[in-house]
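In: starting from these lines, generate the structure:
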Amino acid sequence: MLFRQKQELVISEPDIEAALKHLKALPYRHKLPGPWERQHLLNLLREAIGSTPKSGDQFPIAPGVYALITSFGVDLAAGDETEWQPDGRLQVWLLIRPGYTDPARVTSLA
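Out: Predicted coordinates for the structure are as follows:
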């Protein structure tokens, strides 16, 4: 039986910082000490993503925070100007919805 080596999964610190800033700005949030908020976010990511993520997977993480799994560094590629090559790692991109639902201000699409 052949076993594939588990791909390393990484996340950029600026993504973590942006997600924490977003979550701290939400109304009605439960406040935790700074280091605990970071650890809580990382735990939510690990739990949602699981042990076998693949490129293209998407996960809801927290209010207005979503994770997208992609090849590491694809945002660093700049066409022929760079010699960037994938190194086999996977990366988590955090996508942040800048607003939140205001029940008094909605538009029907039907």
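In: helix or strand for residue 17, which one?
Out: Counting by DSSP states H and E, the element that carries residue 17 is helix 13-25.
In: and the lengthiest helix in the chain, which residues are buried?
Out: In the chain, with assignment by DSSP state H, the single longest helix is helix 34-49. Buried positions in helix 34-49, judged by neighbour count with 16 or more other C-beta atoms under 10 Å: 37, 41, 44-45, 48-49. Backbone N, C-alpha and C define where each C-beta goes, glycine included.
In: would you enumerate the residues in contact with the closest residue in space to residue 72 that isn't next to it in sequence?
Out: Excluding the flanking residues, the one nearest residue 72 by C-beta to C-beta, 6 or more residues apart in numbering is residue 89, at 3.8 Å. With contacts defined as C-beta atoms under 8 Å, 6 or more residues apart in numbering, residue 89 is in contact with 7-10, 71-72.
In: again, 10 Å this time
Out: Contact analysis of residue 89 by C-beta atoms under 10 Å, 6 or more residues apart in numbering lists 7-10, 71-73.
In: adding distance to residue 64, write those residues out as TSV.
Out: As requested, the contacts of residue 89 are arranged in TSV below (distance: C-beta to C-beta, whole Å):
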residue	distance to residue 64
7	27
8	27
9	22
10	22
71	25
72	24
73	25
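In: which one of these has the most neighbours?
Out: Greatest neighbour count in the contacts of residue 89, by other C-beta atoms under 10 Å, goes to residue 72: 19 neighbours.
In: in the protein, where is pLDDT below threshold?
Out: The chain contains residues with pLDDT under 70 at 1-5, 77-85.
In: the nearest residue to residue 63 once chain neighbours are set aside: how many residues sit nearby?
Out: Among residues not flanking residue 63 along the chain, residue 26 sits closest, at 5.9 Å (C-beta to C-beta, 6+ apart). Residue 26 has 12 neighbouring residues, counting by other C-beta under 10 Å.
In: before we move on, back to that, pull out the buried positions in the helix holding residue 17.
Out: Quick answer for helix 13-25 (16+ other C-beta under 10 Å): 15-16, 19-20, 22-23.
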